[in-house]
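> for reference, the sequence and a predicted model appear below.
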Amino acid sequence: MIILYPLLLACLALQPTQEDPIQEPPPGTPEGPPPLELSLEQAIIECFSNNLVLKGARLDTQGAVAGFGAAWGDFDTEFFTTVLNQRTVTAPTPVNFVGGVDVGASPKTEFELFQVRSGVRGMLTTGTSWQFDIGPSYAKTEVEDGSPSRNRTNTADWSLSLTQPLLRNGADDFATSGLELAAKDVSLSTIAAKSLAYTTIVDVITAYWNLVYARQNLDTIQLSVDLANELLDITQRKYQQGIQNRIDVIEVEADLARREEELLTAHNAVVQAVDDLRKLVFAPESQGEWGRDIVPSTDYEQIPEGEVDTDAAIQDAIRLRPDIESARLTFERAAIEVRRAENQARSRLDVTGAYGLNSNETNKRDAVYRLNNTEFYEARVFVDFAVSIGNRTAGYTLRRRKLDRDRANVTLRDTEVQAVSEVRSSARDVELQSLRVKATEETTRLRLEVYEGEKRRLENDLSTPFQVRESQRDYLQAVDDETRARLDLAVAQTNLLASRGKLLVHYGLSAEPPETSLEEAPPAP
C-alpha cells in the first residue's frame, strides 16, 4: 500500500486537467461597432471643435465683438426730418382807456406757419459734433381791423454748425476712449476663451492618459489572472504529488478569485474612462462615435532627453500665458478708465461755430432755389463755459479709478510671480518623473527576474506557493508603478507646456482675437 500511493499520485498527475469550455457567441449575434483608434492629437483637435464649453466661450467672444461694433454707433451719421404745422388765432382785446384817453384795441389775428427741416448730424472721432440742415417755411398772418390785412412770407435757409469740446469730453482722445474699452473687452473675452481652452485641453490630455492607464491596468490584471492560473496548475500538481498541502491549493484558488474580481472592476474602469474622454472630445450629436470603443494610439513610453531650460520657459510664460495676458489687458483697461475719469473732472469749455444762408421770396420754390446768394447769411460763434463747485462726483470717481488701476497692477505682478513659480515647479516635476520612469523600469526588470526565479524554485521544490505569490504580487505592482510613472511624465510634460503658455501652439491651435480697428468702423449689420 505504501508503494502504490506514490504511483497513484503520479497517475493522477498525468491526467489532463479539465478546463472550462469556451463559450462561443450564438450564431447570428450582431457585432458591435468597430473600435476607434484615437491619437492624443486627434482627441485635442476634436475637442477644440466640438467641446460645448469652448463653443460657449467663442459665443462670448462674438458677443464682445458685437459690443465693439455697437460702440462705433456713437459716430454714425443720423438723418432727421421735422415738420411743423402751426395755426394760432388771437382774440381781439377790448377798448383800453388810459387817463381817459382811448388808446385803442388790438383786432383779431390769425397766424399760420408750415415748416419742414431736413438734415444730417453726427459726431467725429475728435469729439466734434456737427449738424447740417435745410428747410423752407411758409408763414401767413391775417388781421381783422375793419379793413382786413394779410401778410404772407416764404423763407428758406440752410445752416452748418460745429461744436468742439476743448476740455471735458474733448481732450485726451475722450471720444474714442469708449472704442478702446470695447476693444479691450474683445481681447479679454478672447483671452478668457483661450484660458478655458488651456484648462479643457489639459482635462482632455489627463482623461486620455487615464484611459491609457486603465487599459494598461486591465492588461496587468489579466496577466495576474493568467499567472495565478499558472501557479494554481503548479500547486495542484505538487499537491497531487504529495509535496504541497491542500491549504496551499485553497490559498492560490482564493487569490485567483480575488484577481478575477479585480478584473471585473478594471473592465468597468476602462468603460468609465472611455466615457470621460468621450464627454470632452465628441459633439453631443455624434451618437455613432459615442457607441464605439476608444483605443488610444499615442505612444507614452518616450522619455525626454536633457534638462528643461527653466529661464527660457519663464520668458515664454511672461510673454504667452493667458492669465498674464488677461491681467495685463485688465491693467491697460483700468488705465483707460483713469484717463476718462481725469477728463470728466475738468471744467467744460465748448466752442460752437455756425454759418448759413437765407432767402425770402414770394413762393416756396424760389425761396429754396435762391439759397446760393451769399449776400444774405448768418454767422455765429458761441462759447459755453461751466465749472463744478466741489466736483465731488468726478473727483471721487477719479480716485476710485486710480485705485482700480493700482489694484490691477498688483494683480498683474502677482500673476507673474505665480507663473514663475508654476514654471519652476513644472520643470522640476518633468525631471523628477523622467528619473522615476527609469527607476521603475529597472525595478520591473528585477522583480520579473525574482518572480521567474521563485517559480523555478517552486518547480524544483525549493520554494512555496506563498513565496511565488509574494514575488508575483511585487512584479505586478512594479509593472503598475512603471506604467503610472510614464503617464505621470506625460501629464507633467503637458503641465509644463501649459505653464509656459505654449500648449495651443504645440498642437497647432490658435485663439487670436478678432480685428478691432480704432481707425475704420466695421460694416453695419
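Thanks, I have the structure now. Here the structure is a predicted model, which is why all the values come from computation and not from measurement. Residues are numbered from 1 along each chain as shown.
> tell me the centre residue of the chain?
Among the residues of the chain, the one closest to the centroid is Ala193, at 1.5 Å (C-alpha atoms, centre = their mean).
> so that residue versus Asp185, what's the distance?
13 Å (C-beta to C-beta, to the nearest Å). Placement of C-beta: from N, CA and C, glycine included.
> before we move on, what about Asp488?
Counting by C-beta to C-beta, the gap between Asp488 and Asp185 amounts to 40 Å.
> Arg258 now?
60 Å.
> next one: Thr90
Distance, Thr90 to Asp185, using C-beta to C-beta: 58 Å.
> Gly291 too?
Counting by C-beta to C-beta, the gap from Gly291 to Asp185 is 42 Å.
> Trp72 too?
14 Å.
> run through the strands of the stretch 251-400 of the chain in chain order.
Using DSSP state E, counting those that start in this stretch, the strands of the stretch 251-400 of the chain run over residues 294-296, 348-361, 377-386.
> list the contacts of Val274.
Leu211, Asp293, Ile294 (C-beta atoms under 8 Å, 6 or more residues apart in numbering).
> what's the closest non-adjacent residue to the second one?
It refers to Asp293. Pro35 (4.1 Å; C-beta to C-beta, 6 or more residues apart in numbering).
> repeat for Arg215
Val270 (5.8 Å).
> is that neighbour in contact with Leu218, as I believe?
Yes - Val270 is in contact with Leu218 according to C-beta atoms under 8 Å; the separation is 5.5 Å.
> if we can go back for a sec, turn the contacts of Val274 into JSON lines, including distance to Val387.
Below are the contacts of Val274 laid out as JSON lines (distance: C-beta to C-beta, whole Å):
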{"residue": "Leu211", "distance to Val387": "70"}
{"residue": "Asp293", "distance to Val387": "77"}
{"residue": "Ile294", "distance to Val387": "72"}
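> so which of those is the most crowded?
Greatest neighbour count in the contacts of Val274, by other C-beta atoms under 10 Å, goes to Leu211: 24 neighbours.
> and that one, what pLDDT?
Among the per-residue scores, Leu211 shows a pLDDT of 92.
> what does Thr77 give?
pLDDT at Thr77 comes out at 93.
> SS state for Arg117?
strand (DSSP: H, G, I helix; E, B strand; the rest coil).
> which residues touch it?
Counting by C-beta under 8 Å, 6+ apart, Arg117 has contacts Thr81, Thr82, Asp133, Ile134, Gly135.
> and the second one, helix, strand or coil?
The one in question is Thr82. When classified by three-state DSSP, Thr82 comes out as strand.
> might one say that it is in contact with Val116?
Yes - using C-beta under 8 Å, Thr82 is in contact with Val116, at 7.5 Å.
> which of those two has more neighbours?
Legend: neighbour count by other C-beta under 10 Å for Thr82 and Val116, higher for Val116 (16 against 11).
> verify the stated contact: that one with Ile134.
No - counting by C-beta under 8 Å, Val116 does not reach Ile134; the two are 9.4 Å apart.
> and the helices in the stretch 351-500 of the chain?
For the stretch 351-500 of the chain, applying DSSP state H, counting those that start in this stretch gives helices covering 364-369, 392-459, 465-499.
> ok, the residue nearest to Asp481 when sequence neighbours are not counted to Ser425 distance?
Spatial nearest neighbour of Asp481, chain neighbours left out: Thr440 (4.8 Å); criterion: C-beta to C-beta, 6+ apart. Thr440 is 22 Å from Ser425, where distance means C-beta to C-beta.
> please apply the same query to Asp384.
61 Å.
> compare those two (neighbour count), which wins?
When Asp384 and Ser425 are compared for neighbours, Ser425 comes out ahead with 14 against 11, by other C-beta under 10 Å.
> still on that earlier bit, pick out the shakiest of the helices of the stretch 351-500 of the chain, pLDDT-wise.
Going by mean pLDDT, the lowest-scoring of the helices of the stretch 351-500 of the chain is helix 364-369, which has a mean of 77.
> got a list of contacts for that one?
Pro136, Tyr138, Asn154, Thr155, Ala156, Ser359, Asn360, Glu361.
> looking at those residues, state which has the most neighbours.
Ala156 (23 neighbours).
> check the offset of the helix or strand encompassing that one from the chain's centre.
Ala156 belongs to strand 149-165 when elements are defined using DSSP states H and E. Averaging C-alpha positions (C-alpha atoms, centre = their mean, to the nearest Å) puts strand 149-165 56 Å from its chain's average.
> mind listing what the nearest residue in space to Arg484 that is not next to it in sequence touches?
Take Arg484 and drop its neighbours on the chain: the residue closest to it by C-beta to C-beta, 6+ apart is Tyr213, 6.5 Å away. Tyr213 is in contact with Ala273, Thr483, Arg484, Leu487, counting by C-beta under 8 Å, 6+ apart.
> nearest to Val252, of those?
Nearest to Val252 among the contacts of Tyr213 is Thr483, at 25.6 Å by C-beta to C-beta.
> neighbours of the closest one, just the number please.
Neighbours of Thr483 under the rule other C-beta under 10 Å: 22.
> pretty sure it is touching Gln216, no?
Yes - here Thr483 reaches Gln216: they are 4.6 Å apart, a contact under C-beta under 8 Å.
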